[in-house]
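Asks: have a look at this prediction, sequence included:
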Amino acid sequence: MISRSNRFLISSVELYDAMGEKTQIVARVLLAFCLCTFAVLFAISFCWLWHLHYSFKELRESCGVKNAASGPLNKEFAYADYRPLLRTARDAGMGETLDNYLKSISQLQLQSLKATCSSDEKVCIQGPKGDVGEKGSKGVYGKTGPKGDRGDVGRTGIKGEKGEPGTRGSRIAAPVIVNSPSNTVVIEGQTDQLHCKADGFPKPKIIWKKLQSALPLSRFHVSDNGSLSLSNVHSYDAGSYACRAESLFGSATAYATVVVRVPVRFSYVPPKRIFVTPGKTLMLRCSATGYPQPTVTWSRSAGQFPAGSSVANGTLTIKKVTADDLGHYSCSAKNNLNQISYSTALAYRGKVIPIGYGIEVRETTDLILLCKLCSTIGTPFNFTWRKVNDDLPESRTSTTGCSLVVSNTTMNDTGEYECIGHSTTRSSAQTVRELFEVTVIGAPRITSHFEDVTLVHPTSSVELKCTAVGPPDPVVFWTKGSRKFPASNSGTAVITITNAGQDDEGEYRCHATSYLGKDEAATTVYLIEKPKFVRRPSGTVRVAISGSVSIDCTATGQPSPSITWKMPCGQQTSRQAVLGNGTLVISAATVWETGIYECTAHGGGIITSRVHVIVPAIDEGWRMKSDSCGGFKQSQYNSSVRYAVSSSATWSKSKYYYCPSGYHWACTEEGKKIFKNNNNWSGQSMYNGKCGWSGYNYGGVSNRYYMRFRDSHSTNAYKHTGNYEEYRVQYNTGTLYFAGAVCIVN
């Protein structure tokens, strides 16, 4: 008789044989994993197998009832009684692994039961429904669903706590003038300021008015602090001004008086030359304006006033004019600001030139002088002429008897001329002399030199001065467009621009006028604007051997800046050219076009920008990089300097030694600016004994002495590796004992 254990083994073998090959492999792997990993699972599995033995027994017994009602086999039939086992495994953290394992075993049970219960001699019936199992473990989250509709607005929240009391506001107050404007005295042409300050709440608005007339629209400005500024003050700006402070709650007013002091100007003068009739009465009127009121006086250039003459209210009256009254008379006007004068000449009608002092002749015309002795009857004289303190112009001078003629006069002919008469009789031997003061007059000439452009820094001041000469003395004044500045009768007009702004830019023209003509000169005022780059060269530009490249450099400013380029080490080759628009062109490039190029814009200031040109791409094949500093030691004296070591100890003057990226091969001048100490006994040495070197020796190469510069082929400059860092640049023509190149950061 077969024992229960044997039947169990037989059933297990049959069950195992019923599995497919792949299922057998899975079962073995899973069982091995569980046996090796969790000791607890062994005990649980043993109990489960014992329980499974009795389950198979009951199934076979139930299948022994012939013709029993049959129904579909349910998966729960094989899986329901494993619930206690699942609970224990899940508590131990192995629920998912065991669950998958039991499902596999359940499938094997079902296949085995189907094989057993399909016999004609046995019928399987469905067992009772088992208890509801425990809730399984949470599954994997699914994908996020689409966003739902927006919910309804929530209820209003609870009212917050009452805040802290605010600071007390200003009390409403009507305007009050707290700083009244002061009376001022200003000279015509200057700028005057009236200060007015008001208080109140709300803040009042300051309004300025001129009593009995309007403020000059183009020349007044009210600043934010309430001050009134009057520029280029005129005489009619004098008067009373009102400062009014207004707000919604009232107004307040304060007054000030402006007094304008005006330089003297002639309002009327007689003609420059007056022809008179002997025996008639002559009245010469001269008047002037200004503040304070000017005093007008008359004077005679030679001698006393004629008998019976008088001056009243600026008018000179000469009664019964005679030949002795002829000559120059001057009118002068004066106040405490300035003094001006004007000259007129009296002459008989029919006489070309009056006799004696005060003779005027127009430039380019002929001067004719006649001695009075010519009118002496019965006394013969011989006459000679001379010019006091100068020579007569021989080519333009002729004498006939007692007359002198100087033709085509110039301003240089002005001066004193003397007529000398010698008596020809013994009884009346005598010598007489007569002086003539001659002035050559002509159109005014401006003697001041103006540049075409006058540059002014913003907010600064500049003085424009214009001087002109006659004679006669010209009236000189400036204009800017339709604006005319105050005139001057002194021969010089000055205008001052203060706090220069854009409104002050433009052409300023100086005018010099007289009754003989006029002259003009002009200058244009520009505000200085510092240069700004429009196209700024920077960074690194690479160009192939024999290639070409154009590098733009343009700038704006006032005056228009000029563009200059500084080539590497200041050495320009035939392959480098600067166009008129500031563009640098490099053509048929060689390695020697490699270097730092500096563009400078000169104008209302100076700005520079640098660009590093590399021909070709960086090639560091010449370098030795094996010492402890990588063959590129940084200077301890100047952090922008590094020393690139050469693998060869022989310097090739025709070779370009490229520095690593970000650095350029330094020029001699750059080195001289950095290393300029004549004391070689302090500080750190360059490379000797450093970075793993044995003195000057490294890598089988001895006597590494000379660090060369980009232009050393022409300057023979070097830095000695054994000298101290800050020691000056030295010079040597040899090519041996080469150590490398001095590099500087771009």
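Replies: Everything's here; your move.
Asks: wait, residue 389 sits on residue 415?
Replies: Yes: judged on Cβ atoms under 8 Å, residue 389 makes contact with residue 415 at a distance of 7.1 Å. All C-beta spots, glycine's among them, are computed from the backbone N, C-alpha and C.
Asks: so where is the stretch 401-550 of the chain shaky, pLDDT-wise?
Replies: 424-431 (pLDDT under 70).
Asks: which residue ranges form the strands in it?
Replies: Using DSSP state E, counting those that start in this stretch, the strands of the stretch 401-550 of the chain run over 403-406, 415-423, 431-441, 445-446, 453-456, 462-469, 475-480, 483-484, 492-497, 506-514, 517-527, 529-535, 540-542, 549-551.
Asks: quick one, which of residue 389 and residue 415 is more surrounded?
Replies: residue 415 (14 against 7; other Cβ atoms under 10 Å).
Asks: roughly how far does the more buried one sit from residue 596?
Replies: Separation of residue 415 from residue 596 (Cβ to Cβ, to the nearest Å) stands at 67 Å.
Asks: just to revisit the earlier point, who wins for proximity to residue 218 among the strands of the stretch 401-550 of the chain?
Replies: Nearest to residue 218 among the strands of the stretch 401-550 of the chain is strand 483-484; the distance by Cβ to Cβ comes to 8.8 Å.
Asks: and the next element down the chain from the lengthiest strand in the chain?
Replies: Counting residues, the longest strand found in the chain (DSSP state E) is strand 250-268. Heading C-terminal from strand 250-268, the first helix or strand you meet, by DSSP states H and E, is strand 273-276.
Asks: what is the helix or strand just after that next one packed up against?
Replies: Using DSSP H and E, the helix or strand that follows strand 273-276 in sequence is strand 282-285. Here strand 282-285 touches strand 273-276, strand 315-318, going by 3 or more Cβ pairs under 8 Å, 6 or more residues apart in numbering; DSSP states H and E.
Asks: which one of these has the most crowded surroundings?
Replies: Highest mean neighbour count of the helices and strands packed on strand 282-285: strand 315-318, a mean of 19 (counted as mean count of other Cβ atoms under 10 Å).
Asks: the longest strand of the chain pairs with which strands, and in what direction?
Replies: Strand pairing for strand 250-268, using DSSP bridges, gives strand 184-187 (parallel), strand 239-247 (antiparallel), strand 287-291 (antiparallel).
Asks: quick one: that strand to strand 475-480, angle?
Replies: 140 degrees (axes from the mean of the first three to the mean of the last three Cα atoms, to 10 degrees).
Asks: list the buried residues for strand 250-268?
Replies: For strand 250-268, burial by neighbour count (16 or more other Cβ atoms under 10 Å) applies to 251-254, 256, 258, 260-266.
Asks: repeat that for stretch 362-369.
Replies: For stretch 362-369, burial by neighbour count (16+ other Cβ under 10 Å) applies to 363, 367, 369.
Asks: what sits closest to residue 284 if chain neighbours are left out?
Replies: Among residues not flanking residue 284 along the chain, residue 316 sits closest, at 4.2 Å (Cβ to Cβ, 6 or more residues apart in numbering).
Asks: need the pLDDT of that neighbour.
Replies: Looking at residue 316, its pLDDT is 93.
Asks: does it really touch residue 306, like I thought?
Replies: No: taking Cβ under 8 Å as the definition, residue 316 is not a contact partner of residue 306, at 9.9 Å.
Asks: shared neighbours, the two?
Replies: Taking Cβ atoms under 8 Å, 6 or more residues apart in numbering as the criterion, residue 316 and residue 306 do not both touch any residue.
Asks: run through the helices of this protein in chain order.
Replies: For the chain, the helices defined by DSSP state H occupy 4-18, 21-37, 39-63, 75-79, 83-91, 95-117, 668-674, 712-715.
Asks: those: lowest mean pLDDT?
Replies: For the helices of the chain, the weakest mean pLDDT is recorded on helix 75-79, namely a mean of 42.
Asks: all strands of the stretch 551-700 of the chain, in order?
Replies: For the stretch 551-700 of the chain, applying DSSP E, counting those that start in this stretch gives strands covering 554-558, 562-566, 576-578, 584-586, 595-602, 606-614, 632-634, 641-645, 663-665.
Asks: who touches residue 442 in this structure?
Replies: 362, 363, 364, 411, 470, 471, 516, 517.
Asks: which parts of stretch 447-459 are buried?
Replies: In stretch 447-459, counting by 16+ other Cβ under 10 Å, buried: 448, 450, 455, 456.
Asks: stretch 137-144: end-to-end distance?
Replies: Using Cα to Cα, to the nearest Å, the span of stretch 137-144 from its first residue to its last is 20 Å.
Asks: run the chain-centre distance for that stretch.
Replies: Distance, stretch centre to chain centre, for stretch 137-144: 64 Å (Cα atoms, centre = their mean, to the nearest Å).
Asks: make 36 the first number, not 1, from now on.
Replies: Got it, first residue is 36 now, which makes that one stretch 172-179.
Asks: check which residues of that stretch are buried.
Replies: Buried residues in stretch 172-179, defined by neighbour count with 16+ other Cβ under 10 Å: none.
Asks: pLDDT (mean, whole number) over it?
Replies: For stretch 172-179, the mean per-residue pLDDT is 78.
Asks: check stretch 294-301 too.
Replies: Mean predicted confidence for stretch 294-301 is 93.
Asks: for stretch 226-233, same thing?
Replies: 94.
Asks: can you pull the contacts of residue 619?
Replies: Residue 619 neighbours (Cβ under 8 Å, 6+ apart): 572, 585, 586, 588, 600, 611, 612, 613, 632, 634.
Asks: quick one: low-confidence residue ranges for the stretch 286-435 of the chain.
Replies: 336-338, 382-393, 407-415.
Asks: let's see that with 50 instead.
Replies: The model of the stretch 286-435 of the chain has pLDDT under 50 over residues 385-390, 411-413.
Asks: circling back: kindly reformat the strands paired with strand 285-303 as TSV containing mean neighbour count and distance to residue 741.
Replies: Listed next are the strands paired with strand 285-303 as TSV, based on neighbours: other Cβ atoms under 10 Å; distance: least, Cβ to Cβ, whole Å:
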stretch	mean neighbour count	distance to residue 741
strand 219-222	15	73
strand 274-282	19	81
strand 322-326	19	82
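Asks: Throw those into JSON lines and include distance to residue 528, thanks.
Replies: JSON lines is the format used below for the strands paired with strand 285-303 (distance: least, Cβ to Cβ, whole Å):
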{"stretch": "strand 219-222", "distance to residue 528": "15"}
{"stretch": "strand 274-282", "distance to residue 528": "26"}
{"stretch": "strand 322-326", "distance to residue 528": "16"}
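Asks: nearest to residue 191, of the ones you listed?
Replies: strand 274-282 (42.0 Å).
Asks: what's the average pLDDT for the closest one?
Replies: Strand 274-282 shows a mean pLDDT of 94.
Asks: identify all contacting residues around that strand.
Replies: Strand 274-282 is contacted by residues 209-212, 215-216, 229, 231, 233, 235, 237-248, 261, 263, 286-293 when judged by Cβ under 8 Å, 6+ apart.
Asks: just checking, which of these belong to strands?
Replies: 209-212, 229, 233, 235, 240-245, 263, 286-293.
Asks: which residues touch the closest residue in space to residue 284 that isn't next to it in sequence?
Replies: Nearest non-adjacent residue to residue 284, counting by Cβ to Cβ, 6+ apart: residue 209, 4.7 Å away. Shown in contact with residue 209 (Cβ under 8 Å, 6+ apart): 235, 282, 284, 285, 286, 287.
Asks: try residue 335
Replies: If you count contacts by Cβ under 8 Å, 6+ apart, residue 335 has them with 362, 363, 364, 365.
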